[in-house]
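1. need a structure here:
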Amino acid sequence: MKIVQVRNLHRDLGYFYVGLIISFAFSGILMNHREHWHPEKYTVQTKAISVNIPKDADITEKYAEELGKQLGIDDKIRRHKVKENELKISFEKNDVEIDLKTGKGEVVTFVKTPIISQTMKLHKNTSNWWIYYSDIFGLSLITIALTGVIMIPAGKFTFKKRGWKLALAGLIIPLLILIFV
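-> Take a look at the predicted model:
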């Protein structure tokens, strides 16, 4: 392949995928910090509640769902758990936390954050067509990286003279993280 063809392929793939590269990078950064804040949703309302939960209650998913209905929550239940005398119920648009000893708790209502929620969906989408498209995108990123390596044919900034050192450094950092973290 000639240098001109390599440059054209590199440029055209870069242009074609620039939107997806930015979306993945943006949502990837947000997902890296999802334990500190929930980037997909923001709080609209927090309401204090007080409920009477019998001490011998068997807290099943059905029980949690019924309790949600009693609290005026109509959306789909995602999960529930009891840990250290605290009941946590997660619905699609609400989170409920109740201290089982006192019956006091709160309902947090939220909505999806515009744009952020949609871009984060890209990382979680599991439909077949999206997986294949993402695979093609991954192969294209490899192509962009390799064509970028061989685009500069001569001089002191070629891959052979200088680029391999930077590439090695870029490879060592993730390897060290995989090994030690």
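2. Can you find the helix or strand of this structure with the lowest average pLDDT?
-> Lowest mean confidence among the helices and strands of the chain (mean pLDDT, DSSP states H and E): helix 116-124, at a mean of 75.
3. Return the distance of the helix or strand following that one from the chain's centre.
-> Per DSSP states H and E, the first helix or strand lying C-terminal to helix 116-124 is helix 128-150. The chain centre lies 20 Å from the centre of helix 128-150; the measure is Cα atoms, centre = their mean, to the nearest Å.
4. try stretch 42-56
-> 28 Å.
5. Tell me which residues of the top helix by length along the chain come out buried.
-> Longest helix in the chain, counting residues (DSSP state H): helix 3-32. Neighbour counts over helix 3-32 (16 or more other Cβ atoms under 10 Å) mark 6, 9-10, 13, 17, 23-24, 27, 30 as buried. Bear in mind the C-beta positions are built from the backbone N, C-alpha and C, glycine included.
6. Save the residues you listed as CSV, and put in pLDDT too.
-> CSV is the format used below for these (pLDDT from 0 to 100):
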residue, pLDDT
Val6, 85
Leu9, 88
His10, 87
Leu13, 88
Tyr17, 88
Ser23, 78
Phe24, 78
Ser27, 76
Leu30, 77
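7. Could you dump those into JSON lines and include distance to Ser134?
-> Formatted as JSON lines, the buried residues of helix 3-32 follow (distance: Cβ to Cβ, whole Å):
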{"residue": "Val6", "distance to Ser134": "24"}
{"residue": "Leu9", "distance to Ser134": "20"}
{"residue": "His10", "distance to Ser134": "20"}
{"residue": "Leu13", "distance to Ser134": "15"}
{"residue": "Tyr17", "distance to Ser134": "11"}
{"residue": "Ser23", "distance to Ser134": "12"}
{"residue": "Phe24", "distance to Ser134": "9"}
{"residue": "Ser27", "distance to Ser134": "13"}
{"residue": "Leu30", "distance to Ser134": "18"}
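8. Please write out the alpha-carbon positions of the host helix or strand of Gly170 in PDB.
-> Assigned by DSSP H and E, Gly170 falls within helix 164-180. Extracted in PDB, the C-alpha atoms of helix 164-180 (Å, rounded to 0.1, in the frame of the first residue of the first chain):
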ATOM      1  CA  TRP A 164       8.200   2.700  18.900                       C
ATOM      2  CA  LYS A 165       9.500   4.200  22.200                       C
ATOM      3  CA  LEU A 166       6.300   6.100  22.700                       C
ATOM      4  CA  ALA A 167       4.200   3.100  21.600                       C
ATOM      5  CA  LEU A 168       6.000   0.900  24.100                       C
ATOM      6  CA  ALA A 169       5.400   3.500  26.900                       C
ATOM      7  CA  GLY A 170       1.800   3.600  26.000                       C
ATOM      8  CA  LEU A 171       1.500  -0.200  26.200                       C
ATOM      9  CA  ILE A 172       3.400  -0.500  29.500                       C
ATOM     10  CA  ILE A 173       1.100   1.700  31.400                       C
ATOM     11  CA  PRO A 174      -2.100  -0.400  30.900                       C
ATOM     12  CA  LEU A 175      -0.100  -3.600  31.400                       C
ATOM     13  CA  LEU A 176       1.200  -2.300  34.800                       C
ATOM     14  CA  ILE A 177      -2.300  -1.400  35.800                       C
ATOM     15  CA  LEU A 178      -3.600  -4.800  34.800                       C
ATOM     16  CA  ILE A 179      -0.800  -6.500  36.900                       C
ATOM     17  CA  PHE A 180      -0.800  -4.300  40.000                       C
END
